[in-house]
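A.B. asks: next one to model:
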Amino acid sequence: MRRTLRIVLLCGFAALAGSLGAAQPSYLKIGDPAPGIASAAWIKGKPVKAFEKGKLYAVEFWATWCGPCKEGIPHLTELARTYKDKVTVIGLDIWEAQKAGGGDTLPKVKAFVKAQGPKMGYRVAADGADGRIADAWMKAAGENGIPCAFLVDREGRVAWIGHPSALDGVLKEVLAGTYDLAGARTRRETELEITRPIGEAMAAKNYPAAVKAIDAAMEKRPNLKYGLAYQHLVALYHADLDRGIKVSRDILAESNHEQGAYYMMQAVFAVETDLSPAAYAFGKELARDLEARGLGNYMLTAMKAELYANSGDRQEAIRLAEEALAAAEKDPHATAGNLALIRKNLARHREGK
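C.D. replies: Numbers count the residues shown, from 1 in each chain. Down below sits the predicted model:
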(Lines give C-alpha, C1' and ligand atoms only; values in the text may rest on other atoms or scores of the structure.)
Protein backbone atom coordinates (compact mmCIF):
# COMPACT_ATOMS: atom_id res chain seq x y z
CA MET A 1 0.00 0.00 0.00
CA ARG A 2 2.86 2.40 0.79
CA ARG A 3 4.33 1.89 -2.64
CA THR A 4 0.96 2.67 -4.25
CA LEU A 5 0.55 5.81 -2.17
CA ARG A 6 4.09 6.92 -2.87
CA ILE A 7 3.61 6.61 -6.63
CA VAL A 8 0.37 8.57 -6.55
CA LEU A 9 1.73 11.32 -4.31
CA LEU A 10 4.88 11.82 -6.32
CA CYS A 11 3.07 11.83 -9.64
CA GLY A 12 0.68 14.63 -8.65
CA PHE A 13 -3.01 14.95 -8.07
CA ALA A 14 -5.72 15.63 -10.64
CA ALA A 15 -8.06 18.51 -9.89
CA LEU A 16 -11.47 17.04 -9.10
CA ALA A 17 -14.43 18.48 -7.12
CA GLY A 18 -18.42 18.54 -6.46
CA SER A 19 -21.55 17.15 -4.88
CA LEU A 20 -21.99 13.40 -5.14
CA GLY A 21 -25.22 12.35 -3.49
CA ALA A 22 -26.23 8.83 -2.65
CA ALA A 23 -28.73 8.70 -5.49
CA GLN A 24 -27.23 9.37 -8.90
CA PRO A 25 -29.27 10.50 -11.91
CA SER A 26 -29.71 8.00 -14.71
CA TYR A 27 -27.58 9.13 -17.65
CA LEU A 28 -27.39 8.14 -21.29
CA LYS A 29 -24.25 6.05 -21.12
CA ILE A 30 -21.55 4.80 -23.43
CA GLY A 31 -22.81 1.52 -24.86
CA ASP A 32 -26.50 2.49 -24.64
CA PRO A 33 -28.62 2.50 -27.81
CA ALA A 34 -28.37 5.88 -29.51
CA PRO A 35 -31.53 8.02 -29.32
CA GLY A 36 -33.28 8.76 -32.57
CA ILE A 37 -33.11 11.89 -34.73
CA ALA A 38 -36.14 11.16 -36.92
CA SER A 39 -37.87 14.40 -35.90
CA ALA A 40 -34.99 16.58 -37.15
CA ALA A 41 -35.55 19.06 -39.97
CA TRP A 42 -32.96 18.31 -42.63
CA ILE A 43 -31.20 21.29 -44.14
CA LYS A 44 -28.26 19.86 -46.06
CA GLY A 45 -27.40 16.42 -47.37
CA LYS A 46 -29.39 13.19 -47.47
CA PRO A 47 -31.61 12.83 -44.38
CA VAL A 48 -30.76 10.16 -41.81
CA LYS A 49 -34.06 8.88 -40.49
CA ALA A 50 -32.49 6.04 -38.52
CA PHE A 51 -29.01 4.77 -37.76
CA GLU A 52 -28.29 1.81 -40.00
CA LYS A 53 -26.53 -1.21 -38.60
CA GLY A 54 -23.00 -1.56 -39.94
CA LYS A 55 -22.48 2.20 -40.33
CA LEU A 56 -20.71 4.80 -38.17
CA TYR A 57 -22.19 8.20 -37.41
CA ALA A 58 -20.59 11.26 -35.84
CA VAL A 59 -23.31 13.59 -34.56
CA GLU A 60 -22.20 17.06 -33.48
CA PHE A 61 -24.58 19.35 -31.61
CA TRP A 62 -24.12 23.02 -32.37
CA ALA A 63 -25.93 26.37 -32.76
CA THR A 64 -25.61 29.43 -34.97
CA TRP A 65 -24.96 31.64 -31.92
CA CYS A 66 -22.14 29.40 -30.60
CA GLY A 67 -18.72 30.87 -31.45
CA PRO A 68 -16.71 27.69 -30.76
CA CYS A 69 -19.21 25.73 -32.86
CA LYS A 70 -18.63 28.00 -35.84
CA GLU A 71 -14.88 27.79 -35.36
CA GLY A 72 -15.13 24.01 -35.52
CA ILE A 73 -16.93 23.86 -38.87
CA PRO A 74 -13.71 23.47 -40.92
CA HIS A 75 -12.62 20.61 -38.68
CA LEU A 76 -15.87 18.72 -39.20
CA THR A 77 -15.67 19.34 -42.93
CA GLU A 78 -12.16 17.89 -42.99
CA LEU A 79 -13.35 14.97 -40.88
CA ALA A 80 -16.16 14.26 -43.35
CA ARG A 81 -13.71 14.44 -46.25
CA THR A 82 -11.09 12.22 -44.58
CA TYR A 83 -13.58 9.53 -43.57
CA LYS A 84 -15.84 9.70 -46.59
CA ASP A 85 -17.74 6.41 -47.10
CA LYS A 86 -16.61 5.29 -43.61
CA VAL A 87 -18.32 7.77 -41.27
CA THR A 88 -21.45 9.87 -41.73
CA VAL A 89 -20.88 13.29 -40.17
CA ILE A 90 -23.99 15.15 -39.03
CA GLY A 91 -24.19 18.66 -37.62
CA LEU A 92 -27.39 18.93 -35.56
CA ASP A 93 -28.47 22.43 -34.60
CA ILE A 94 -30.10 22.73 -31.14
CA TRP A 95 -31.25 25.33 -28.60
CA GLU A 96 -31.97 28.00 -31.22
CA ALA A 97 -35.56 28.61 -30.09
CA GLN A 98 -34.59 28.51 -26.43
CA LYS A 99 -31.85 31.08 -27.00
CA ALA A 100 -34.14 33.31 -29.08
CA GLY A 101 -37.02 33.07 -26.64
CA GLY A 102 -39.22 30.90 -28.87
CA GLY A 103 -40.53 31.23 -32.39
CA ASP A 104 -39.55 29.59 -35.66
CA THR A 105 -35.75 29.73 -35.92
CA LEU A 106 -35.41 27.26 -38.80
CA PRO A 107 -35.18 30.00 -41.47
CA LYS A 108 -32.26 31.52 -39.56
CA VAL A 109 -30.45 28.19 -39.40
CA LYS A 110 -31.08 27.53 -43.09
CA ALA A 111 -29.70 30.96 -44.01
CA PHE A 112 -26.61 30.33 -41.91
CA VAL A 113 -25.94 26.94 -43.50
CA LYS A 114 -26.49 28.34 -47.00
CA ALA A 115 -24.04 31.15 -46.33
CA GLN A 116 -21.39 28.59 -45.33
CA GLY A 117 -21.64 26.85 -48.68
CA PRO A 118 -18.99 24.18 -49.28
CA LYS A 119 -17.19 25.22 -46.09
CA MET A 120 -19.84 23.22 -44.25
CA GLY A 121 -19.15 19.98 -46.07
CA TYR A 122 -21.31 17.54 -44.14
CA ARG A 123 -24.96 16.80 -43.48
CA VAL A 124 -26.86 19.33 -41.38
CA ALA A 125 -30.18 19.12 -39.57
CA ALA A 126 -31.98 21.09 -36.87
CA ASP A 127 -33.93 20.21 -33.75
CA GLY A 128 -37.50 21.44 -33.38
CA ALA A 129 -38.64 24.26 -31.12
CA ASP A 130 -39.62 21.70 -28.48
CA GLY A 131 -35.98 20.65 -28.05
CA ARG A 132 -36.94 16.98 -28.23
CA ILE A 133 -33.67 15.83 -29.75
CA ALA A 134 -31.53 17.99 -27.47
CA ASP A 135 -33.30 16.50 -24.46
CA ALA A 136 -32.91 12.92 -25.71
CA TRP A 137 -29.20 13.34 -26.32
CA MET A 138 -27.63 16.26 -24.50
CA LYS A 139 -29.81 16.46 -21.40
CA ALA A 140 -29.95 12.68 -21.08
CA ALA A 141 -26.16 12.49 -21.28
CA GLY A 142 -25.64 15.21 -18.67
CA GLU A 143 -24.17 17.61 -21.23
CA ASN A 144 -25.05 21.29 -21.08
CA GLY A 145 -22.50 22.88 -23.38
CA ILE A 146 -21.86 22.91 -27.12
CA PRO A 147 -20.17 21.94 -29.32
CA CYS A 148 -20.57 18.37 -28.17
CA ALA A 149 -20.21 15.27 -30.32
CA PHE A 150 -21.52 11.71 -30.06
CA LEU A 151 -20.17 8.75 -31.98
CA VAL A 152 -22.71 6.08 -32.90
CA ASP A 153 -21.10 2.73 -33.65
CA ARG A 154 -22.03 0.02 -36.14
CA GLU A 155 -24.40 -1.56 -33.62
CA GLY A 156 -26.31 1.70 -33.16
CA ARG A 157 -24.79 2.31 -29.73
CA VAL A 158 -23.36 5.50 -28.28
CA ALA A 159 -19.65 4.74 -28.44
CA TRP A 160 -18.21 8.07 -27.32
CA ILE A 161 -19.25 11.52 -26.06
CA GLY A 162 -16.98 14.55 -25.99
CA HIS A 163 -15.61 17.63 -27.68
CA PRO A 164 -15.52 17.32 -31.50
CA SER A 165 -11.80 18.13 -31.54
CA ALA A 166 -11.13 14.69 -30.02
CA LEU A 167 -13.13 12.78 -32.62
CA ASP A 168 -10.15 12.08 -34.87
CA GLY A 169 -8.34 9.88 -32.38
CA VAL A 170 -11.48 8.01 -31.42
CA LEU A 171 -12.42 7.34 -35.04
CA LYS A 172 -8.96 5.98 -35.79
CA GLU A 173 -9.31 3.47 -32.96
CA VAL A 174 -12.84 2.49 -33.94
CA LEU A 175 -11.90 1.95 -37.58
CA ALA A 176 -8.79 0.00 -36.56
CA GLY A 177 -10.85 -2.21 -34.27
CA THR A 178 -8.86 -1.20 -31.17
CA TYR A 179 -11.44 0.99 -29.46
CA ASP A 180 -12.24 -0.12 -25.90
CA LEU A 181 -15.96 0.49 -25.47
CA ALA A 182 -16.06 -0.91 -21.92
CA GLY A 183 -13.13 1.24 -20.88
CA ALA A 184 -14.75 4.31 -22.42
CA ARG A 185 -17.96 3.57 -20.53
CA THR A 186 -16.09 3.31 -17.22
CA ARG A 187 -14.22 6.58 -17.83
CA ARG A 188 -17.44 8.34 -18.76
CA GLU A 189 -19.24 7.07 -15.67
CA THR A 190 -16.35 8.21 -13.50
CA GLU A 191 -16.54 11.67 -15.01
CA LEU A 192 -20.30 12.03 -14.61
CA GLU A 193 -20.62 10.49 -11.17
CA ILE A 194 -17.37 11.66 -9.59
CA THR A 195 -15.12 14.06 -11.45
CA ARG A 196 -17.68 16.52 -12.74
CA PRO A 197 -19.83 16.91 -9.60
CA ILE A 198 -16.79 17.20 -7.35
CA GLY A 199 -15.32 19.81 -9.68
CA GLU A 200 -18.51 21.85 -9.60
CA ALA A 201 -18.60 21.92 -5.79
CA MET A 202 -14.94 22.90 -5.51
CA ALA A 203 -15.32 25.61 -8.14
CA ALA A 204 -18.24 27.03 -6.15
CA LYS A 205 -16.14 26.82 -2.95
CA ASN A 206 -18.90 24.75 -1.40
CA TYR A 207 -16.41 22.80 0.67
CA PRO A 208 -18.86 20.92 2.93
CA ALA A 209 -20.55 19.59 -0.22
CA ALA A 210 -17.16 18.76 -1.70
CA VAL A 211 -16.20 16.77 1.39
CA LYS A 212 -19.47 14.87 1.21
CA ALA A 213 -18.97 14.23 -2.49
CA ILE A 214 -15.42 12.99 -2.12
CA ASP A 215 -16.31 10.79 0.84
CA ALA A 216 -19.13 9.23 -1.18
CA ALA A 217 -16.83 8.75 -4.18
CA MET A 218 -14.17 7.00 -2.11
CA GLU A 219 -16.76 4.80 -0.44
CA LYS A 220 -18.10 3.79 -3.82
CA ARG A 221 -14.66 3.39 -5.42
CA PRO A 222 -11.97 2.82 -2.76
CA ASN A 223 -9.26 2.81 -5.43
CA LEU A 224 -9.83 6.58 -5.83
CA LYS A 225 -8.65 7.30 -2.29
CA TYR A 226 -5.20 8.50 -3.24
CA GLY A 227 -6.20 10.13 -6.49
CA LEU A 228 -8.68 12.31 -4.61
CA ALA A 229 -6.34 13.01 -1.68
CA TYR A 230 -5.35 16.55 -2.69
CA GLN A 231 -8.90 17.74 -3.28
CA HIS A 232 -10.03 15.97 -0.11
CA LEU A 233 -7.50 17.89 1.96
CA VAL A 234 -8.35 21.22 0.32
CA ALA A 235 -12.01 20.71 1.18
CA LEU A 236 -11.31 19.42 4.69
CA TYR A 237 -8.87 22.23 5.57
CA HIS A 238 -11.68 24.64 4.71
CA ALA A 239 -14.68 22.80 6.10
CA ASP A 240 -13.46 20.45 8.85
CA LEU A 241 -9.91 21.22 9.96
CA ASP A 242 -9.80 18.68 12.79
CA ARG A 243 -10.65 15.88 10.40
CA GLY A 244 -8.30 17.34 7.81
CA ILE A 245 -5.45 17.14 10.30
CA LYS A 246 -6.33 13.53 11.11
CA VAL A 247 -6.50 12.56 7.42
CA SER A 248 -3.17 14.32 6.84
CA ARG A 249 -1.49 12.39 9.65
CA ASP A 250 -2.96 9.14 8.33
CA ILE A 251 -1.54 9.86 4.86
CA LEU A 252 1.89 10.62 6.32
CA ALA A 253 1.86 7.41 8.34
CA GLU A 254 0.69 5.27 5.40
CA SER A 255 3.39 6.75 3.16
CA ASN A 256 6.09 6.36 5.82
CA HIS A 257 6.47 10.16 5.75
CA GLU A 258 7.42 10.29 2.09
CA GLN A 259 8.54 13.66 0.75
CA GLY A 260 5.72 13.52 -1.81
CA ALA A 261 3.10 13.47 0.96
CA TYR A 262 4.53 16.61 2.51
CA TYR A 263 4.82 18.16 -0.93
CA MET A 264 1.11 17.63 -1.55
CA MET A 265 0.09 19.16 1.77
CA GLN A 266 2.44 22.12 1.48
CA ALA A 267 1.01 22.78 -1.98
CA VAL A 268 -2.44 23.21 -0.43
CA PHE A 269 -1.23 25.83 2.03
CA ALA A 270 0.78 27.57 -0.69
CA VAL A 271 -2.16 27.79 -3.10
CA GLU A 272 -5.18 28.34 -0.86
CA THR A 273 -5.37 31.96 0.28
CA ASP A 274 -8.52 31.79 2.41
CA LEU A 275 -7.76 29.18 5.07
CA SER A 276 -8.12 29.86 8.79
CA PRO A 277 -5.17 30.88 11.00
CA ALA A 278 -5.42 27.45 12.64
CA ALA A 279 -5.09 25.76 9.27
CA TYR A 280 -1.98 27.76 8.38
CA ALA A 281 -0.57 26.96 11.82
CA PHE A 282 -0.92 23.28 10.99
CA GLY A 283 0.82 23.90 7.67
CA LYS A 284 3.75 25.47 9.51
CA GLU A 285 3.85 22.49 11.84
CA LEU A 286 4.10 20.17 8.83
CA ALA A 287 6.88 22.32 7.38
CA ARG A 288 8.89 22.02 10.59
CA ASP A 289 8.33 18.28 10.63
CA LEU A 290 9.52 17.72 7.07
CA GLU A 291 12.62 19.86 7.68
CA ALA A 292 13.39 17.94 10.87
CA ARG A 293 13.30 14.78 8.78
CA GLY A 294 15.72 16.25 6.25
CA LEU A 295 13.15 16.23 3.47
CA GLY A 296 13.28 19.90 2.49
CA ASN A 297 14.40 21.32 -0.85
CA TYR A 298 14.19 24.65 -2.64
CA MET A 299 10.69 24.02 -3.97
CA LEU A 300 9.35 23.13 -0.55
CA THR A 301 10.98 26.26 0.83
CA ALA A 302 9.32 28.27 -1.93
CA MET A 303 5.95 26.75 -1.04
CA LYS A 304 6.61 27.50 2.61
CA ALA A 305 7.15 31.14 1.62
CA GLU A 306 3.70 31.17 0.03
CA LEU A 307 2.24 29.57 3.15
CA TYR A 308 3.61 32.41 5.28
CA ALA A 309 2.43 35.01 2.79
CA ASN A 310 -1.08 33.54 2.85
CA SER A 311 -1.05 33.56 6.66
CA GLY A 312 -0.19 37.27 6.65
CA ASP A 313 3.54 37.17 7.52
CA ARG A 314 5.04 39.09 4.61
CA GLN A 315 8.53 39.49 6.05
CA GLU A 316 8.94 35.77 6.68
CA ALA A 317 7.57 35.11 3.20
CA ILE A 318 10.27 37.37 1.73
CA ARG A 319 13.00 35.68 3.79
CA LEU A 320 11.91 32.21 2.75
CA ALA A 321 11.51 33.17 -0.92
CA GLU A 322 15.06 34.61 -0.89
CA GLU A 323 16.30 31.39 0.70
CA ALA A 324 14.48 29.31 -1.91
CA LEU A 325 15.90 31.38 -4.77
CA ALA A 326 19.46 31.13 -3.46
CA ALA A 327 19.11 27.34 -3.14
CA ALA A 328 17.52 27.01 -6.58
CA GLU A 329 20.28 29.03 -8.24
CA LYS A 330 22.83 26.56 -6.84
CA ASP A 331 20.81 23.49 -7.80
CA PRO A 332 21.81 22.13 -11.24
CA HIS A 333 18.42 20.42 -11.51
CA ALA A 334 16.37 23.58 -10.98
CA THR A 335 14.39 24.37 -14.09
CA ALA A 336 14.12 27.78 -15.70
CA GLY A 337 10.39 27.71 -15.03
CA ASN A 338 10.85 27.10 -11.31
CA LEU A 339 13.46 29.84 -11.06
CA ALA A 340 11.17 32.27 -12.85
CA LEU A 341 8.25 31.40 -10.56
CA ILE A 342 10.29 31.87 -7.38
CA ARG A 343 11.61 35.21 -8.62
CA LYS A 344 8.13 36.35 -9.56
CA ASN A 345 6.72 35.43 -6.15
CA LEU A 346 9.63 37.08 -4.36
CA ALA A 347 9.07 40.32 -6.28
CA ARG A 348 5.36 40.14 -5.45
CA HIS A 349 6.06 39.74 -1.73
CA ARG A 350 8.55 42.61 -1.75
CA GLU A 351 5.95 44.81 -3.38
CA GLY A 352 3.40 43.81 -0.78
CA LYS A 353 1.03 42.25 -3.28
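A.B. asks: which residue is the nearest non-sequential neighbour of T190?
C.D. replies: Using CB to CB, 6 or more residues apart in numbering and skipping the chain neighbours, the partner closest in space to T190 is R221 (7.8 Å). For glycine as for every other residue, the C-beta is placed from the backbone atoms N, C-alpha and C.
A.B. asks: pLDDT value on the one you found, please?
C.D. replies: pLDDT for R221: 82.
A.B. asks: tell me where the stretch 201-350 of the chain has strands.
C.D. replies: Here the stretch 201-350 of the chain has no strands by DSSP state E, counting those that start in this stretch.
A.B. asks: could you pull out the helices in it for me?
C.D. replies: 207-220, 229-239, 241-254, 259-271, 277-292, 298-310, 314-330, 336-350 (DSSP state H, counting those that start in this stretch).
A.B. asks: now do the stretch 1-150 of the chain
C.D. replies: Under DSSP H, counting those that start in this stretch, the stretch 1-150 of the chain gives helices at 2-11, 67-71, 73-82, 96-100, 106-116, 132-134, 140-141.
A.B. asks: so which of those gets nearest L275?
C.D. replies: Set against L275 and scored by CB to CB, the helices of the stretch 1-150 of the chain come closest in helix 2-11, at 20.7 Å.
A.B. asks: give the contact list for D104.
C.D. replies: By CB atoms under 8 Å, 6 or more residues apart in numbering, the contact set of D104 is A97, A129.
A.B. asks: show the backbone phi and psi for it.
C.D. replies: With angles defined as degrees, to the nearest 10, D104 sits at phi -90, psi 110.
A.B. asks: so for it, what's the pLDDT?
C.D. replies: Predicted confidence (pLDDT) for D104: 83.
A.B. asks: related to what we said a few turns ago, and among the helices of the stretch 1-150 of the chain, the most buried is which?
C.D. replies: helix 132-134 (a mean of 21; mean count of other CB atoms under 10 Å).
A.B. asks: neighbours of G352, just the number please.
C.D. replies: When neighbours are counted by other CB atoms under 10 Å, G352 registers 7.
A.B. asks: before we move on, what SS does it have?
C.D. replies: Put simply, G352 is coil when judged by DSSP: H, G, I helix; E, B strand; the rest coil.
A.B. asks: do I have it right that it meets A317?
C.D. replies: No: because the distance of 10.4 Å does not satisfy CB atoms under 8 Å, G352 is recorded as not touching A317.
A.B. asks: what pLDDT does the nearest residue to L228 once chain neighbours are set aside get?
C.D. replies: In space, L228 comes closest to I214 once its chain neighbours are excluded; the distance is 5.3 Å by CB to CB, 6+ apart. The model reports I214 with a pLDDT of 93.
A.B. asks: next: N338.
C.D. replies: On the pLDDT scale, N338 is placed at 88.
A.B. asks: number the residues from 5 up from this point.
C.D. replies: Fine by me, first position is 5 from now on; the one you just mentioned is N342.
A.B. asks: and it, what does it touch?
C.D. replies: Applying CB under 8 Å, 6+ apart, one finds that N342 lies in contact with Y302, M303, A306, A332.
A.B. asks: what's the neighbour count on the residue nearest to T194?
C.D. replies: With neighbours defined by other CB under 10 Å, the count for R225 comes to 14.
A.B. asks: with E197 as the reference, measure out to it.
C.D. replies: When distance is defined by CB to CB, to the nearest Å, R225 is 9 Å away from E197.
A.B. asks: what does R253 give?
C.D. replies: Between R253 and E197 the computed distance is 29 Å (CB to CB).
A.B. asks: comparing those two, which residue is more hemmed in?
C.D. replies: A count of neighbours by other CB under 10 Å puts E197 above the other of R253 and E197, at 21 against 11.
A.B. asks: assign a three-state SS to that one, would you?
C.D. replies: helix.
A.B. asks: how about the helices of the stretch 205-354 of the chain in JSON lines, adding distance to V162?
C.D. replies: Formatted as JSON lines, the helices of the stretch 205-354 of the chain follow (distance: least, CB to CB, whole Å):
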{"stretch": "helix 211-224", "distance to V162": "23"}
{"stretch": "helix 233-243", "distance to V162": "29"}
{"stretch": "helix 245-258", "distance to V162": "38"}
{"stretch": "helix 263-275", "distance to V162": "37"}
{"stretch": "helix 281-296", "distance to V162": "44"}
{"stretch": "helix 302-314", "distance to V162": "44"}
{"stretch": "helix 318-334", "distance to V162": "50"}
{"stretch": "helix 340-354", "distance to V162": "41"}
